[in-house]
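> Based on what follows, work out the 3D shape:
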Amino acid sequence: MKTNKVVSMSVFFVCIVFCAVASGMQSEVDRCVSKLEKRYETMNDFQAAFSQETHSGSMKMVQKGAGVVYFKKGGKMRWEYTAPEKQQIILDGKNLWVYQPEDKQVLKNNFNIVPTHIVVDLFRGRIDIQEKFKVSFIQQEVDKGKAVVVLALIPVIYNPTVTKLTLWINPETDLIEKSSLEDEFGNRTDLHFHGLKTDKGIDDSVFAFVPPPGVEIFEPPPMQMPQ
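Next comes the predicted model:
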């Protein structure tokens with residue numbers, strides 16, 4: 001009986017310690033998420049250079065890309081790829097354009113009737129993170145001599161395009177400096193942002209797109225993007 005009591009008391013104290021640690025970690029998660037949401041909600045615009053690696057789950061291949069990205073309040077976004085080939089993805093507030101200069105083709109979708117994607121909403125500061133994701137605190141690590149906070153986000157509702165989203169956040173600026181997106185097919189897309197600049201007053205003309213002469217325009221049915 002004494003042995004059982006000792007074991008029971010040990011388990012009891014372990015549970016107390018575990019609950020205290022878990023509570024502390026959850027408080028840290030809440031604090032980090034709150035700061036992240038506030039940062040992106042109050043931001044008018046941001047721009048950065050980016051490098052991208054897409055890992056194929058089925059073919060074990062890695063495709064690299066790079067370019068610059070711009071976001072602005074009012075539903076405006078522009079991804080300008082310079083590698084592996086030139087490509088522009090532009091959201092002007094109403095239409096989503098995907099322009100491939102080498103093919104002389106552009107895809108056009110009316111974004112007002114397209115369900116927005118949870119990751120796009122995250123970067124646009126239009127999402128309650130803990131309503132859409134189960135968030136866990138992985139660690140605080142040092143990347144290239146700089147402290148970063150790492151959060152893992154798992155969608156609450158099934159989404160084949162997003163099974164896990166990992167964010168590396170600069171605790172001094174509360175900006176996402178790296179993201180890693182995994183889908184149910186084993187594909188993973190890593191994005192690194194460099195030289196992040198915020199609230200520089202990006203002109204609306206950056207998000208304007210006029211198809212060049214001779215470019216073929218395709219308007220497919222509305223895209224089906226899970227929320």
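> Could you pull out the helices in the chain for me?
Ranges of helices within the chain are 2-42, 118-123, 129-132, based on DSSP state H.
> Give the rounded mean pLDDT of stretch 73-92.
Here stretch 73-92 scores 92 as its mean pLDDT.
> CA-only coordinates of that stretch in CSV, if you can.
What follows is stretch 73-92 as a C-alpha-only set of coordinates in CSV (Å, rounded to 0.1, in the frame of the first residue of the first chain):
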residue,chain,number,x,y,z
LYS,A,73,-5.0,46.5,-47.5
GLY,A,74,-8.0,46.4,-49.8
GLY,A,75,-7.4,42.9,-51.2
LYS,A,76,-4.3,43.7,-53.2
MET,A,77,-1.4,41.3,-53.7
ARG,A,78,1.4,40.9,-56.3
TRP,A,79,3.9,38.0,-56.6
GLU,A,80,6.5,38.7,-59.2
TYR,A,81,8.6,35.6,-60.0
THR,A,82,12.0,36.1,-61.6
ALA,A,83,12.9,32.4,-61.3
PRO,A,84,12.7,29.6,-62.3
GLU,A,85,10.8,31.6,-65.0
LYS,A,86,9.1,34.9,-65.1
GLN,A,87,5.5,34.9,-63.8
GLN,A,88,3.2,37.4,-62.2
ILE,A,89,0.3,36.6,-59.8
ILE,A,90,-1.7,39.8,-59.2
LEU,A,91,-4.8,40.4,-57.1
ASP,A,92,-6.0,43.9,-57.9
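> Which residues outside it are in contact with it?
Residues from elsewhere that reach stretch 73-92 (C-beta atoms under 8 Å, 6 or more residues apart in numbering): 43-45, 63-71, 93-94, 96-102, 111, 120, 124-125, 204, 206-209. Every C-beta, even on glycine, is put in place using the N, C-alpha and C of the backbone.
> State the distance from the closest residue to Phe207 other than its chain neighbours to Leu191.
Using C-beta to C-beta, 6 or more residues apart in numbering and skipping residues adjacent in sequence, the residue nearest Phe207 is Lys76, 4.1 Å away. Distance, Lys76 to Leu191, using C-beta to C-beta, to the nearest Å: 19 Å.
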